[in-house]
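Engineer: Test case, fold it:
(chains A and B)
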Number of protein chains: 2
Amino acid sequence: MRMLINVPETIVADALRGMAAAHPDLTVDVENRVIVRRDAPVSGKVGLVSGGGSGHEPLHGGFVGRGMLTAACPGEVFTSPVPDQMVRAAAAVDSGAGVLFVVKNYTGDVLNFDMAAELAEEEDIRIAKVVVNDDVAVTDSLYTAGRRGTGATLFVEKLAGAAAEEGEPLERVAEIAKRVNEHSRSFGVALSACTTPAKGSPTFDLPPGQLELGVGIHGEPGRERRAMMTSREIADYAVDAILDDRRPTGPVLVLVNGMGATPLLELYGFNAEVQRVLAQRGVVVARTLVGNYVTSLDMAGCSVTLCQIDEELLRLWDAPVQTAALRWGC
Amino acid sequence: MRMLINVPETIVADALRGMAAAHPDLTVDVENRVIVRRDAPVSGKVGLVSGGGSGHEPLHGGFVGRGMLTAACPGEVFTSPVPDQMVRAAAAVDSGAGVLFVVKNYTGDVLNFDMAAELAEEEDIRIAKVVVNDDVAVTDSLYTAGRRGTGATLFVEKLAGAAAEEGEPLERVAEIAKRVNEHSRSFGVALSACTTPAKGSPTFDLPPGQLELGVGIHGEPGRERRAMMTSREIADYAVDAILDDRRPTGPVLVLVNGMGATPLLELYGFNAEVQRVLAQRGVVVARTLVGNYVTSLDMAGCSVTLCQIDEELLRLWDAPVQTAALRWGC
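Structural biologist: As a prediction, the model looks like this:
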């Protein structure tokens, strides 16, 4: 085990203490595991709350701030947070305008956010919910009924977050979040497995020289395992898997995402191939984001997410955002 | 080899094509390997040019933009760029106000930037130079006479870049860059070696369960090798190594930097320990930055950089910056 940790039991609390020290514009409740934008609740603004297992950083805590999430609830590594965290977060961010829960489609997350919604509504907090399920690789998987939620979560949180910042009401913010999810598709590839702190060994067995096509962000199995492919071949495979599922009829946002251990140098090179195949397939790219945003601890690999946009969504993408991991325009 | 590449020979050109596609506010000359801020030369503004071997991304190309570098020259992986790149970059950014070369202290880089300075001056471009040498781990190392240049490069580029953006003359910008370097110290730790594309195997041999204390950003040997330590122990060791070399007499900027493959979750946890030991030693922290900024391909590990600031340097740190990897305030 080559981890920079004290003991596995304190890894999430340790990280939250470190976030609190680095980001004075966040309120970090280490004991109850809730990260909240410091100026919340913002008068008249819909709150956006997300959360999920830890190990995917900067998702979700790194996306809390102006123009994106209002709060995030980190669970243990690869384990859903509990309803109590979500209710606390909702109470902390609700200005009376209601709260949108952004939920990645994993069985534990969906159940816990559902329970939290009931509890929050008992406290007179209006709740809407979007379930993100963008991964085209497989339907039904380890931890998931239906499609997994992966890279599109960033698009949902950014675009719905921008709408909330502009003062849109809960119904509109939820509608935008659902539209973004419906227009988004992802495909991921693992070049190595990841190692969870508790287990201390790789979560799955991927022999050197092989890759897992269609991997999930917890190392869930994908479509097939093949001998190592070039960046060009992986881009062809991933983009075509997405386009076979949904072919955009307008311009797209592109996320070229690293799983954690793949160097940025390689991710940019991979982006060149993604752009090439998109151009060859006649897909027009409006904006591109390259980096480690929705990760799987120390997994090597990448994912591609496309989100078809319209004029409103493009404007919301370009709108100011000020979070630990994503910031522009302010 | 578990790399997301086509062939090792095209890795830098591929990455530059991918950067060009993702960042329309940069002009990327793929053939000549120069990344320039699109609106350069900026009238009356001193140009800042840096560069070095690739494999440390986002350093340097990710730091090109308003308020930081005006241009960057990437060499092959872990290999100095050539003088021709640097002269091209200087010519592209010089508005008549001169150009500051920011050079990490490695033998090849120093020689090549010196030669480039002579050539640029023959073309009537005024050149000043700062050599960054912040790493306290060892003096004289593989590739280096004297101390290695590591994490302080980010501080030099940010603070001198902000001064240039404010219209300070070349002498002042160079003075600030040198002051930042003199007030900065770093210490790095490897939990695994990195693998260069050309070699395809780890650059050095670090048995599982051991770490290299004082490692360089190319995997150069450090002070000693030990059995795995906790995050707490590593923070104590690294911070004390820095404070033994130079004890700040005022508040500091802190960079908790990942070497590439260490998850952000672990880096934040490590930051909590760094902040703890700094508080115990009576060092006041003004600002903290946590993330993968000065990397070594897929090396697991981290480094700590402290930079003692004064009122001017703190103001320059908070000044707007708009680059691919670092942006705030605009």
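Engineer: give me every residue that touches the nearest residue to A:Ser201 once chain neighbours are set aside.
Structural biologist: Of all residues not flanking A:Ser201 in the chain, A:Thr195 sits nearest, at 6.2 Å (CB to CB, 6 or more residues apart in numbering or on different chains). (Glycine included, C-beta is placed from N, CA and C.) If you count contacts by CB atoms under 8 Å, 6 or more residues apart in numbering or on different chains, A:Thr195 has them with A:1, A:3, A:201-203, A:297-298.
Engineer: would you turn those residues into JSON lines with pLDDT and distance to B:Thr144?
Structural biologist: Listed next are the contacts of A:Thr195 as JSON lines, based on pLDDT from 0 to 100; distance: CB to CB, whole Å:
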{"residue": "A:Met1", "pLDDT": "60", "distance to B:Thr144": "31"}
{"residue": "A:Met3", "pLDDT": "95", "distance to B:Thr144": "29"}
{"residue": "A:Ser201", "pLDDT": "85", "distance to B:Thr144": "37"}
{"residue": "A:Pro202", "pLDDT": "87", "distance to B:Thr144": "35"}
{"residue": "A:Thr203", "pLDDT": "86", "distance to B:Thr144": "39"}
{"residue": "A:Leu297", "pLDDT": "97", "distance to B:Thr144": "33"}
{"residue": "A:Asp298", "pLDDT": "95", "distance to B:Thr144": "29"}
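Engineer: sorry, back to before: enumerate the beta-bridge partners assigned to the residue nearest to A:Ser201.
Structural biologist: Beta-bridge partners recorded for A:Thr195 (DSSP bridges): A:Pro202.
Engineer: Could you measure from it over to A:Leu59?
Structural biologist: Per CB to CB, to the nearest Å, A:Thr195 is found 19 Å from A:Leu59.
Engineer: which residues in the stretch 51-200 of chain A form helices?
Structural biologist: Secondary structure of the stretch 51-200 of chain A by DSSP state H, counting those that start in this stretch: the helices cover A:83-93, A:107-122, A:152-165, A:170-182.
Engineer: Are there helices or strands packed against the second one, and which ones?
Structural biologist: Right, the one you point to is helix A:107-122. Under the contact criterion of 3 or more CB pairs under 8 Å, 6 or more residues apart in numbering or on different chains; DSSP states H and E, helix A:107-122 touches strand A:47-54, helix A:83-93, strand A:99-104, strand A:127-132.
Engineer: Which one of the ones you listed lies nearest to A:Gln280?
Structural biologist: Closest approach to A:Gln280 among the helices and strands packed on helix A:107-122 is made by strand A:127-132 (28.3 Å; CB to CB).
Engineer: Show me the strands paired with the closest one, marking each as parallel or antiparallel.
Structural biologist: Here, using DSSP bridges, strand A:127-132 pairs with strand A:99-104 (parallel).
Engineer: Let's test this: mean pLDDT of the partner strand, rounded?
Structural biologist: For strand A:99-104, mean pLDDT is 98.
Engineer: now the angle from that strand to helix A:107-122?
Structural biologist: In terms of direction (axes from the mean of the first three to the mean of the last three CA atoms, to 10 degrees), strand A:99-104 departs from helix A:107-122 by 170 degrees.
Engineer: Show me the contact partners of strand A:99-104.
Structural biologist: A:46-50, A:52, A:69-70, A:86, A:90, A:93, A:109-110, A:113, A:116-117, A:120, A:125-132, A:148-150, A:153, A:156-157, A:160, A:164, A:170, A:173-174, A:177.
Engineer: Now do it and helix A:170-182, the angle between them.
Structural biologist: 10 degrees.
Engineer: Can you report how many residues neighbour the closest residue to A:Ala120 other than its chain neighbours?
Structural biologist: The shortest distance from A:Ala120 to any non-neighbouring residue, by CB to CB, 6+ apart, is to A:Ala90 (4.5 Å). Neighbours of A:Ala90 under the rule other CB atoms under 10 Å in any protein chain shown: 28.
Engineer: and the gap between A:Ala90 and chain B?
Structural biologist: Separation of A:Ala90 from chain B (CB to the nearest CB, to the nearest Å): 24 Å.
Engineer: Over to A:Val102?
Structural biologist: Going from A:Val102 to chain B by CB to the nearest CB gives 20 Å.
Engineer: Determine the number of other residues adjacent to the residue nearest to that residue when sequence neighbours are not counted.
Structural biologist: Spatial nearest neighbour of A:Val102, excluding adjacent residues (CB to CB, 6+ apart): A:Ser50 at 3.9 Å. Using other CB under 10 Å, A:Ser50 is surrounded by 32 other residues.
Engineer: Could you do the one 3 residues further on as well?
Structural biologist: By other CB under 10 Å, the residues close to A:Gly53 number 23.
Engineer: contacting residues for it?
Structural biologist: A:Gly53 neighbours (CB under 8 Å, 6+ apart): A:74-81, A:106, A:109, A:218.
Engineer: just A:Ala325 next, same as before
Structural biologist: For A:Ala325, the contact set (CB under 8 Å, 6+ apart) comprises A:58, A:62-63, A:293.
Engineer: Now tabulate those residues in TSV and tack on pLDDT and neighbour count.
Structural biologist: As requested, the contacts of A:Ala325 are exported to TSV (pLDDT from 0 to 100; neighbours: other CB atoms under 10 Å in any protein chain shown):
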residue	pLDDT	neighbour count
A:Pro58	98	23
A:Gly62	98	25
A:Phe63	98	27
A:Tyr293	98	23
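Engineer: Done for today, thanks.
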